[in-house]
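Novice: Here is the input, now give the coordinates:
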Amino acid sequence: MSSSTGLQGRSVIVTGAGSGIGRAAALAFAREGAKVLVADLDRERADQAVETITAEGGTARAVVGDLGDQQVVDQVVATAVEAFGGLDVLVNNAGIMDRFSAVADTDDAEWDRVIRVNLTAPFLLTRAALPHMLAAGRGSIVFTASEAALRGSAAGAAYTASKHGVVGLVKSLAVMYRDQGIRTNAIAPGGTATAIRVDPEAGAHGPTVLGAHAGSIGRIAAAEEQAAAIVFLASDAAGNVNGAVLPVDNGWSAV
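Specialist: The predicted structure follows:
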């Protein structure tokens with residue numbers, strides 16, 4: 001364990017921790033000595049993440065369900081607090097892609113689903129976690145935003161709006177709660193090797209326009225590279241970092 005992280009014994013919730021960036025983050029926190037609540041929609045993947053952590057000598061629990069459901073959110077927070085004696089870190093990582101749809105081609109179902117998963121669910125979870133962090137006088141919240149939070153050429157209308165909303169939420173939290181010892185930051189991943197797939201409608205306007213910008217993406221990151229940035233922002237090593245959105249994109253945001 002790195003002596004600078006201060007994560008030994010800390011209680012951490014990671015959403016979307018059954019696969020991809022979330023799984024990599026959950027394992028990374030556990031390897032720093034944190035106790036990890038794995039939250040995911042898929043039971044098998046959540047259980048596998050817990051099994052991997054415990055096999056390495058770590059401590060983990062799983063809660064399965066839709067984080068757009070307030071009852072599931074409450075269960076996630078309550079389980080972490082009861083099992084681990086409090087809540088120190090919340091990682092709002094779970095998210096879904098849209099179909100790269102332009103506004104004129106985005107139907108209500110696509111819009112509602114993406115906003116609910118990417119923006120409303122982390123809002124609900126943060127709201128539920130805050131009383132425990134405020135009572136302790138400390139806490140770190142890390143969101144997974146996106147390159148689409150920084151530009152308009154990385155995804156469709158729904159995803160782009162949801163991730164811009166995430167950045168607004170991060171900055172609001174940073175201002176509102178910094179004097180209570182709570183830091184809130186985000187990573188903005190570029191292209192990353194995960195299980196998330198895009199199913200664009202063939203020939204649609206959005207995918208056609210976005211395809212012209214695909215050459216700017218650069219190298220595809222490993223999920224572990226994104227996880228390392230999440231752990232850093234959550235750790236004591238980033239003790240004076242608050243309200244930051246950290247691109248982890250091999251310079252895509254600089255192009």
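Novice: Please report how far residue 110 lies from residue 42.
Specialist: According to Cβ to Cβ, to the nearest Å, residue 110 and residue 42 sit 21 Å apart. Heads up, the C-betas are built off the backbone N, CA and C, glycines and all.
Novice: So for those two, which sits in the more crowded spot?
Specialist: Neighbour tally, residue 110 and residue 42, criterion other Cβ atoms under 10 Å: the higher count belongs to residue 110, 17 against 13.
Novice: so residue 61 makes contact with residue 79?
Specialist: Yes - using Cβ atoms under 8 Å, residue 61 and residue 79 qualify as a contacting pair, with a distance of 5.9 Å.
Novice: So which of the two has more stuff around it?
Specialist: Looking at residue 61 and residue 79 with other Cβ under 10 Å, you find the greater number of neighbours at residue 61, namely 20 against 16.
Novice: Would you mark the buried spots in stretch 119-136?
Specialist: For stretch 119-136, the buried set under the neighbour-count rule, 16 or more other Cβ atoms under 10 Å, comprises 119, 121-122, 124-126, 128-130, 132-133.
Novice: how about CSV for those residues, with secondary structure added?
Specialist: CSV is the format used below for the buried residues of stretch 119-136 (DSSP: H, G, I helix; E, B strand; the rest coil):
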residue, secondary structure
119, helix
121, helix
122, helix
124, helix
125, helix
126, helix
128, helix
129, helix
130, helix
132, helix
133, helix
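Novice: By residue count, which helix of this structure is the longest?
Specialist: Of all the elements of type helix in the chain, the one with the most residues (DSSP state H) is helix 157-177.
Novice: now the strands for the chain?
Specialist: If DSSP state E is used as the criterion, the strands of the chain fall at 11-15, 35-40, 59-64, 89-92, 139-144, 182-189, 245-248.
Novice: ok so, going back, what residues are shared contacts of residue 61 and residue 79?
Specialist: residue 37 (Cβ atoms under 8 Å, 6 or more residues apart in numbering).
Novice: Pretty sure residue 7 sits against residue 33.
Specialist: Yes - under the criterion of Cβ under 8 Å, residue 7 lies in contact with residue 33, with a separation of 6.0 Å.
Novice: quick one: which of those two has more around it?
Specialist: When residue 7 and residue 33 are compared on other Cβ under 10 Å, the one with more neighbours turns out to be residue 7, at 25 against 17.
Novice: Please report how far residue 173 lies from residue 138.
Specialist: Residue 173 is 14 Å from residue 138, where distance means Cβ to Cβ.
Novice: Compare the two (neighbour count), which wins?
Specialist: residue 173 (21 against 13).
Novice: Ignoring the adjacent residues along the chain, who's closest to that one?
Specialist: Residue nearest to residue 173 in three dimensions, not counting chain neighbours: residue 184, with 3.9 Å by Cβ to Cβ, 6 or more residues apart in numbering.
Novice: got it, and residue 4?
Specialist: Leaving aside its chain neighbours, residue 4 sits nearest to residue 237 (4.7 Å; criterion: Cβ to Cβ, 6+ apart).
Novice: That neighbour and residue 156, how far apart?
Specialist: Computed with Cβ to Cβ, the distance linking residue 237 and residue 156 is 35 Å.
Novice: Please identify which of the two sits among more neighbours.
Specialist: For the pair residue 237 and residue 156, the greater number of neighbours falls to residue 156 (27 against 16), based on other Cβ under 10 Å.
Novice: ok, back up a step: which residues in the longest helix of the chain does the neighbour count mark as buried?
Specialist: 157-167, 169-171, 173-174, 177.
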